[in-house]
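> Generate coordinates for the sequence data below:
(2 chains)
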Amino acid sequence: MATPYQERKLRDTTLNPGDQPYFDAAAEGRLMLKKCSDCGEYHHYPRSLCPHCFSDKVEWVQAKGTGEIYTYSVMRRGTPVPYCIAYVTLDEGVRMMTNIVDCDLDTIRIGQRVKVVFRKTEGGVSVPVFAPA
Amino acid sequence: MSIKGKAYIVGAYEHPLRKAPDKSVAQLHAECAKGAIEDAGLTKDDIDGCFCAGDSPGANVWSMANYMNLKLRHVDSTDMGGCSYLVHVAHAAQAIAAGKCNVALITLAGRPNSEGSSGTQVRERGVNLPDAPYEMPYSPVTVNLYAMAAMRHMYEYGTTSEQLAWVKVAASHHAQHNPNAMLRNVVTVEDVINSPMISDPLHRLDCCVVTDGGGAVIVARPEIAKSLKRPLVKITGAGETTKGQMGGKLDLAYSGAVWTGPRAFEEAGVKPADIKYASIYDSFTITVVMQLEDLGFCRKGEGGKFVADGNLISGAGKLPFNTDGGGLCNNHPANRGGMTKVIEAVRQLRGEAHPAVQVKNCGLALAHGTGGSLGHRHGSATLIMERE
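Residues are numbered from 1 along each chain as shown, chains lettered A, B, ... in the order given. Purely as a prediction, here's the structure:
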C-alpha cells in the first residue's frame, strides 16, 4: 500500500504588514527566519519583536533550508486528496508548520531528514514545504 | 485572594437535543438558561452576572443579555474555545468573592451538527491573525492538529492506538446509560482501531461527536446557595492558562494542564489521588491521555497504560471519567466540550448521575478542559469542586 503525493490547492491568506519579505524571499527560493541581535535566538513565525527577550532588534536571515520531521499526520478523509501536515525542526533549531511533499506519504517518519522546496498557493504566493532530503 | 469556598454551582442544565435545525442559537442559549435557573430554584430576576464566550450570537455577552432581558452588574465575554465555560465558572467565583455579583449565569449553545461543521475542514478564523500566513496554506484542521500531538506522544512515550482506543471504550460504556447520548452503542478496542483512519494516528472513533444544543450553569454566593433546596457543590480551586508554539520552541508532548492542574490542586488543598470523579476534555482520545498525565493522575508518558483495561470506567476502574459518555459519545455542543464537563461533575457531586455510573460517596470532583488545539495554540482550565 502506498499513498503517493498529489499536488493540491494551497489556501491563500491575507498577509499582515511585515509579512511580505518572507514571501518575496520564498518566491526566489529562499527560506527566511527572524533572528534577534540582542539575545541571538531565532524565532518563527516571524515577528517584529523577539518573542524570547522582547527586543525590537530582530532581522531576517536566510535559513539553511534543512531539518528533520518533529511530528506529522497524513490527512486521509474529508479532503480532496491526502496530504501530510508536519512540524519540521530546522537545523537552526526552530520548529515550523509545513507540508511534506514529493514522496510516498506512507513512508514519512518522525526524525526523517528533509529539505525545503517551494509551492505556490492558488493566488500565486510561494510558500515553503519540505521533501525528503 | 482565593476563590476556595467563596461560590457554589447551584444550577446545571444540559440541553437534551443533539440536532436542532429548527431552533436559533439564541433560543438554545435561552432554553439552557431557563433550564439551569429552574434547576437551581431561582428566577431570571435573580441573575446579576452573565457570561457568554465569543461564539455566542454577536460574539459578545450583550446580545444574549438583551435577548433574555437581563439586568446585570457583572459581564464577561472571555473566550478560551471549548474550555471557556470552566474559565467562566472560576471568573464567576472571583466576581462573587469580590462582591461584583451574586448570581452568575453561564450559557453555551450552537448548531454545528445542523450547519454541517466537521473537524476535517479548515475553519475561518477571522482577520489580523499573525500566525495565519505561516499556517493556513498547509491546511491545519482540528483533527490533524491533534493527530500531530498524538503522533509525537506515540514517538516519545510508546503510546499505542489500542491504549488510545480504551478512552473511547470507557466513554461508550457510560453513554449506553444516557438516553440523550448521540452514540449509545458500547464499542471495543477493535471497533476503534478498525474504524476508518481520518488523520494518522486518529481513527473516526478517536474523534468526538458533532452536536447541536448546549448547556448552562449558575454560580452563586454561599448564602444564596444555602437558601436553595439543591445539594451544595462548592468551588474550591481553579487554574487557567494558554500554551502556544513558544516562538518556534514548540513542544507538543504536554499541555497547559501542567500549569493549571498544580495551581487548582494547591488552591483546593487536595491531590490528584483524592479525586473521586474527573470530567476530562475529550475532543479526541489523545486529549484525555495527555491531560491525565499533565494533571498528575499518572506519571508523564504513562497515560496510555493508565487508561487501558477499563481504568476510566465507573465501577470498574480507578478513575471514573465522563460518566455522561463525554464528547466522544454523548455531546460536544457547539464544538465546545467544557460546559458538559462541568455539568456532569455537578451531577456526580449531587448524586444525580445515572445510577449505573454514579460514583459512590462522590465528594470531590475535577473538571478540566482544553480549548483550541493541542497542535498549535490552546487554552487550559482546571476546576475542582467539592460536595458540602
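
> Report the distance from stretch B:48-60 to the chain centre.
17 Å (CA atoms, centre = their mean, to the nearest Å).

> residue contacts, the residue nearest to residue A:132 when sequence neighbours are not counted?
Once flanking residues are discounted, residue A:132 sits nearest to residue A:103: 5.1 Å by CB to CB, 6 or more residues apart in numbering or on different chains. Every residue, glycine included, has its C-beta placed from N, CA and C. Residues counted as contacts of residue A:103 (CB atoms under 8 Å, 6 or more residues apart in numbering or on different chains) are A:5, A:131, A:132.

> Quick check, the residue in the stretch 101-250 of chain B closest to chain A?
Across the stretch 101-250 of chain B, the shortest distance to chain A (CB to the nearest CB) belongs to residue B:120, at 2.7 Å.

> what sits against the residue nearest to that residue when sequence neighbours are not counted?
Distances taken as CB to CB, 6+ apart place residue A:78 nearest to residue B:120, at 2.7 Å, with adjacent residues excluded. By CB under 8 Å, 6+ apart, the residues touching residue A:78 are B:118, B:120, B:121, B:141, B:143, B:198.

> repeat that for 7 Å
B:118, B:120, B:121 (CB atoms under 7 Å, 6 or more residues apart in numbering or on different chains).

> ranking those by neighbours, who comes first?
Greatest neighbour count in the contacts of residue A:78, by other CB atoms under 10 Å in any protein chain shown, goes to residue B:120: 18 neighbours.

> Touching, that one and residue B:139? I think so.
No: using CB atoms under 7 Å, residue B:120 makes no contact with residue B:139, being 9.8 Å away.

> Quick check: the gap between whichever residue of chain A sits closest to chain B and residue B:309.
Closest contact between chain A and chain B, by CB to the nearest CB, is at residue A:78 (2.7 Å). Counting by CB to CB, to the nearest Å, the gap from residue A:78 to residue B:309 is 32 Å.

> if we can go back for a sec, closest to residue B:286 out of the contacts of residue A:78?
residue B:120 (16.3 Å; CB to CB).

> so who does the closest one touch?
A:77, A:78, A:79, B:141, B:143, B:198.

> If we use 8 Å, what do you get?
A:75, A:77, A:78, A:79, B:141, B:142, B:143, B:198, B:199.

> For PyMOL, write a command that selects the buried ones of the residues you listed.
To isolate the buried subset of these in PyMOL, counting by 16 or more other CB atoms under 10 Å in any protein chain shown, use the following:
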select buried, (chain A and resi 75+79) or (chain B and resi 141+142+143+198+199)
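
> mind putting the contacts of residue B:120 in CSV, pLDDT and distance to residue B:72 included?
Conversion of these to CSV gives the following (pLDDT from 0 to 100; distance: CB to CB, whole Å):
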residue, pLDDT, distance to residue B:72
A:75, 98, 44
A:77, 96, 45
A:78, 94, 41
A:79, 95, 44
B:141, 97, 37
B:142, 97, 33
B:143, 98, 38
B:198, 98, 42
B:199, 98, 43
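
> Now do the strands in the stretch 1-150 of chain B.
Along the stretch 1-150 of chain B, the stretches classed as strands by DSSP state E, counting those that start in this stretch are B:8-14, B:49-51, B:74-76, B:103-110.

> What does the pLDDT read for the residue nearest to residue B:238 when sequence neighbours are not counted?
Closest residue in space to residue B:238, ignoring its immediate chain neighbours: residue B:90 at 3.6 Å, by CB to CB, 6+ apart. Listed pLDDT for residue B:90 reads 98.

> Return the distance of residue B:90 relative to chain A.
27 Å (CB to the nearest CB, to the nearest Å).

> That residue: what's it in contact with?
Per CB under 8 Å, 6+ apart, neighbours of residue B:90: B:3, B:235, B:238, B:240, B:381, B:383.

> Just the buried residues of stretch B:259-273, please?
Buried positions in stretch B:259-273, judged by neighbour count with 16+ other CB under 10 Å: B:259, B:260, B:261, B:262, B:264, B:265, B:267, B:268, B:270, B:272.

> Need the residue closest to the centroid of chain B.
When CA atoms, centre = their mean is applied to chain B, the residue found nearest the centroid is residue B:338 (2.2 Å).

> Please report how far that residue lies from chain A.
In terms of CB to the nearest CB, residue B:338 sits 25 Å off from chain A.

> Chain A contacts on the stretch 151-300 of chain B?
Residues of the stretch 151-300 of chain B found near chain A (CB under 8 Å from any CB of the partner chain) are B:151-152, B:155, B:196-202, B:204, B:245-250, B:252.

> can you rerun that using 10 Å?
B:151-156, B:196-204, B:244-253 (CB under 10 Å from any CB of the partner chain).

> Residue A:49: helix or strand, and which one exactly?
Per DSSP states H and E: residue A:49 is located in neither a helix nor a strand.

> got it, and the one 10 residues further on?
Using DSSP H and E, the secondary-structure element containing residue A:59 is strand A:58-62.

> Tell me which residues of that strand come out buried.
In strand A:58-62, counting by 16+ other CB under 10 Å, buried: residue A:58.

> before we move on, what about stretch A:15-34?
In stretch A:15-34, counting by 16+ other CB under 10 Å, buried: A:19, A:22, A:23, A:25, A:26, A:30, A:31, A:32, A:33, A:34.
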